[in-house]
Each structure stands twice: as C-alpha cells, then as structure tokens.
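A.B. asks: Sequence first, predicted model second:
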Amino acid sequence: MVADRTRFVVVRLQARSAVLLAVTSVLGLAAFGWPLLIHGTSAANLAHSADAPWIFLALLPLLLAVVLSALSEGSFDAKAIALLGILAACGAALRVPQPGVAGFEPVFFLLIPAGRVLGRGFGFVLGALTIGVSALITGGVGPWLPFQMFGAAWLGFGAGCLPPAKGKAELGILAFYAGCSCILYGWLLNLWFWPFGAGTATSFSFVPGAGFVHNLHSFLLFNLTTSLGFDIPRAVVNSTLILLLGRPVLNALRRASRRAAFDVPVEHVPAVTGGAVGTPVSRA
C-alpha cells in the first residue's frame, strides 16, 4: 500500500514554540488594530512611522525566538533551516520583478504551497523572512515593512491549516485560499496607513473617538473604494499560478522533504569495535 503523502508535514511546532508564535501574533494584531480602539486622539498623530521601528524591533527577536525554540525542541534542524533560507531567497526573487501592473505580486505563489507542505510554523517564519529579505534587496524598508511581514507570516500559517486533500481538489483549495488570502492581505495592510492616509473630509475617513463600529464601517468603505484595484489582480495572479504550476511545486517540496527526512529523529549510536563499545564515529 502506498502511503498518502498529500499532507506530508515535516515541521511540527511543540508547545513552547506554539506559545511564542501566539505571542508574536497577538503583538501583530495589536499593532494593526489599535487605531480602531483608541479614543480622543487626532488623526494627525496616528501615523505608524513612529511606532513601526519599535514593532520591527519587537518582531525580529520574537521570530528568532520561535526558530530557536523549534531548534531546541527538535522541530527545526539544520536541514530545515537550510530549506527555509533557500525558499526565502526564492520568494524574495519572485518579488523583485515588477512590470508596472497594479497588484502583480507572485511571491505568495511559493509561500502558500510551502506552508501547505512544510507546516504552519514553517509557513509563518517563511512568510515574515521572505518579505524581510525582499525588502532589503529592493530597498523597500520603511514603516510598512513590519506590517507586511506580519501579513505574509499569517498567510503562510493559514496555508498550513488547510484541510487534507489531493489531486485537483488540493489545487482548487489552494487557489481559492490564495485568492481570498491575497485580498485579506491587502485589506490588512491598508489598516496601517488608513487612519492618516484617507484624509479627514471623506465618508471613509478615520474619526478619532467615533467608536469601533463607525470606524470599522469607514475602513470597509475605504477598502472597497480604493484597494480592490490592487487586491483583485494580486489574487488572480497567485491563484492562476497555483492552478498552472502548483502541482510541480508541491511535488518538488514533498520530494525534498522526504529526501531530507526532517521528521526522522536523530539518534547518536556509539560505534562498536572488536566487541567493545568505542568512541562514536562521525558519519558526516
């Protein structure tokens, strides 16, 4: 009987790593959502240019803590770290070409299959790392960067949470998820600049102290009227790429994970020489 490898997850986070990932996500939610919860503050003081460096400084140690915790618990090993670096570099390369088409961002085409095959924790770290590396390459470092890293990290995490499927059904699920998540990613990224970028005299402007429901309604109007021109092309590009090229990418990732045997525990067995236990022999 041939084993079903459609859900070949090679990186499973243990309890400590999962807690650190949850803390990181809570920080991200607070960084995105605090403008909807504040009262009595002028819109001119809501720009994230002041708080973004602190969010960035908090995000990097937390991401590093997730990786180090996974290493100490045996979830990540040297091969997983190497694959993480390779995929982050490939994802950054996908983000470099920009033909001037609004919303053309094929970077999620690789991130979603990687999160699907390699697991939620791997997808989370890969998403944040990919955006960070690509920003350094393209010169896209700014107050928006930590929010982009959070958005991509959650997108990669969600790909690892999708239900089991195989064949065309799996590609359909991934393509549908790509379309929805790319639109949500755009809406989430809008939240970081909407309070000060929409002005003060429009129907979708942020109103300090107006309450959560009023400002949430204004934010939804802002997305519907200004953002879909970028979000829909991004969703269509990544969904189409997954439908056309997703199968070979999934197969390549699964083949690499099987050959690397990430899920096989490492055992150090001392060498036996002449019937006696000798010193361990290096097999590198």
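C.D. replies: Good, I have the coordinates.

A.B. asks: Regarding the protein, what is its longest helix?
C.D. replies: helix 228-260 (DSSP state H).

A.B. asks: Report the buried residues of that one.
C.D. replies: By 16 or more other Cβ atoms under 10 Å, the buried positions in helix 228-260 come out as 230-235, 237-242, 246-247, 249-250, 253-254, 256-257, 260. In this view, the C-beta of every residue, glycine as well, is placed from N, C-alpha and C.

A.B. asks: Look at the residue nearest to Phe222 when sequence neighbours are not counted and give its secondary structure.
C.D. replies: Nearest residue to Phe222, sequence neighbours excluded (Cβ to Cβ, 6 or more residues apart in numbering): Phe204, at 4.0 Å. Following DSSP: H, G, I helix; E, B strand; the rest coil, Phe204 is assigned to coil.

A.B. asks: Can you report phi and psi for Phe204?
C.D. replies: The phi/psi pair for Phe204 (degrees, to the nearest 10) reads phi -110, psi 20.

A.B. asks: And for Ala30, the neighbour number?
C.D. replies: Neighbour count of Ala30, defined by other Cβ atoms under 10 Å: 11.

A.B. asks: For it, give its distance to Leu36.
C.D. replies: Using Cβ to Cβ, to the nearest Å, Ala30 is found at 11 Å from Leu36.

A.B. asks: same question, Arg259
C.D. replies: On the measure of Cβ to Cβ, Arg259 and Leu36 end up 47 Å apart.

A.B. asks: With Ala93 instead?
C.D. replies: 36 Å.

A.B. asks: Looking at the two, which one has more neighbours?
C.D. replies: Neighbour totals were compared for Ala93 and Leu36, and Leu36 leads with 18 against 15 (other Cβ under 10 Å).

A.B. asks: quick one: the helices in the stretch 151-284 of the chain?
C.D. replies: For the stretch 151-284 of the chain, the helices defined by DSSP state H, counting those that start in this stretch occupy 168-190, 194-197, 212-226, 228-260.
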